[in-house]
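Visitor: predicted model and sequence below, questions to follow.
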Amino acid sequence: MYLPDTWFPMETYQAAFREQDMSDAILVIGATGNVGRPLVEALKARGARVRAASRSGKAVDGAEGVAFDIADPATFGPALAGVKSAFVMLPTGSMDPKGQLLPLIAAAAARKVKVVFQSVLGADADEAIPYRQVERALEASGTPYVILRPNWFADNFHTFWKPGLDHGVIAVPAGAGKSSFIDTRDIAESAAAALTSDRFDGRAFNLTGPEALGYGDAAAILAPVIGRPVTYTPIDDGTFVGILVGAGVPQDYARFLASIFVPVREGWTAAVTTDVETLTGHAPRSLETYAKDNADRLK
């Protein structure tokens, strides 16, 4: 039977259908980032409908794009509309976890959207830590949640520390501290498992690589892959800040980056857990595997 558009406009019908079709979609914040992009791929491999959130709003690897800016709460509603769960993280360069994440978590909770939150390893060491306060707010929000606390990213070597590697040096204020570096693919696969199942709801997971390594150990692993000698040069915070500022990093953010090496020097990032295997069913990738798989980016 023919129904004129004046009775029920076709665009209204199409919009309603699209909203219903996306009602089980999964929102990925930071979809173009080093965790977000492999997460989009991991979710698509599971057959999930993915909404990729970024400032540009462009599609990411075939996933529907949506404009999102964590500094602009007006973008939260459209991004969260019609989704069942969301991967939430603080973008690189942001230094205000509470100020930017709490409004987003509140918006998700108001819509009963499950939140898989990427926190940081050690956030639960002190209730005064801002990330811990965000975790507490999520726990009290009433919406389903999973908290992921990853250790230092192995991928930092081909991003943040790449300029140093190009000169055969890793120069960071880590002292003799060790870290169980984690491949961002393992973070993404852990998040995909948490987003597509309720088995892990209400729990927090400390995500680490399979072993704790010093930066000297890391240099020895990376050197043969890169094809040239690499040495670790421990430096103090002031020197580190000066290097970053000289490279164009804002001073406040450079100081923030220096501050997060304190847990490394204190030995707090040397923990090794089996949480990646609990979530994904496989052991985490080693730094050797990361290096071989990213050889072109490291060279």
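Guide: Arrived safely, thanks for sending.

Visitor: rest of the way, CA atoms for contacts and neighbours
Guide: Will do.

Visitor: centroid residue for this structure?
Guide: residue 35 (4.7 Å; C-alpha atoms, centre = their mean).

Visitor: same question for stretch 213-231, mean pLDDT?
Guide: Taken as a whole, stretch 213-231 has a mean pLDDT of 98.

Visitor: how far does stretch 75-85 stretch from start to finish?
Guide: With C-alpha to C-alpha, to the nearest Å as the measure, stretch 75-85 spans 17 Å from end to end.

Visitor: give the contact list for the residue nearest to the centre of the chain.
Guide: 184-185, 187-188 (C-alpha atoms under 8 Å, 6 or more residues apart in numbering).

Visitor: which among those gets closest to residue 68?
Guide: Of all the contacts of residue 35, residue 68 sits closest to residue 188, with 19.7 Å by C-alpha to C-alpha.

Visitor: what is the burial count for that closest one?
Guide: Close neighbours of residue 188, defined as other C-alpha atoms under 10 Å, add up to 23.

Visitor: same deal with residue 296?
Guide: By other C-alpha under 10 Å, the burial measure for residue 296, its neighbour count, is 11.

Visitor: residues contacting residue 226?
Guide: Going by C-alpha under 8 Å, 6+ apart, the list of residues near residue 226 reads 295, 298-299.

Visitor: just to be sure, residue 167 is in a strand?
Guide: No: counting by DSSP: H, G, I helix; E, B strand; the rest coil, one finds residue 167 to be coil, located in no strand.

Visitor: from residue 271, how far off is the closest residue in space to residue 214 that isn't next to it in sequence?
Guide: Excluding the flanking residues, the one nearest residue 214 by C-alpha to C-alpha, 6 or more residues apart in numbering is residue 178, at 4.2 Å. Remark: distance between residue 178 and residue 271 (C-alpha to C-alpha) = 9 Å.

Visitor: list the residues that contact both of those two?
Guide: residue 212.

Visitor: these two: which has the busier surroundings?
Guide: A direct count of neighbours by other C-alpha under 10 Å for residue 178 and residue 271 places residue 178 higher, at 24 against 19.

Visitor: my read: the more buried one touches residue 217, true?
Guide: No: counting by C-alpha atoms under 8 Å, residue 178 stays clear of residue 217, with 9.0 Å between them.

Visitor: what about the helices in the chain?
Guide: Here the chain has its helices, by DSSP state H, at 10-21, 36-45, 76-80, 97-110, 130-139, 162-165, 184-195, 215-226, 237-246, 251-259, 262-265, 275-280, 287-293, 295-298.

Visitor: what is the mean pLDDT for stretch 66-82?
Guide: 97.

Visitor: residues contacting that stretch, please?
Guide: By C-alpha under 8 Å, 6+ apart, the surrounding residues in contact with stretch 66-82 are 19-20, 22-25, 27, 29, 51-59, 86, 100-101, 103-104, 107-108, 111, 113.

Visitor: hey, which of the helices of the chain is tucked in deepest?
Guide: helix 184-195 (a mean of 25; mean count of other C-alpha atoms under 10 Å).

Visitor: list the helices and strands that helix packs on?
Guide: Other elements packing on helix 184-195 under the criterion 3 or more C-alpha pairs under 8 Å, 6 or more residues apart in numbering; DSSP states H and E are helix 36-45, strand 83-88, strand 114-118, strand 145-150, helix 275-280.
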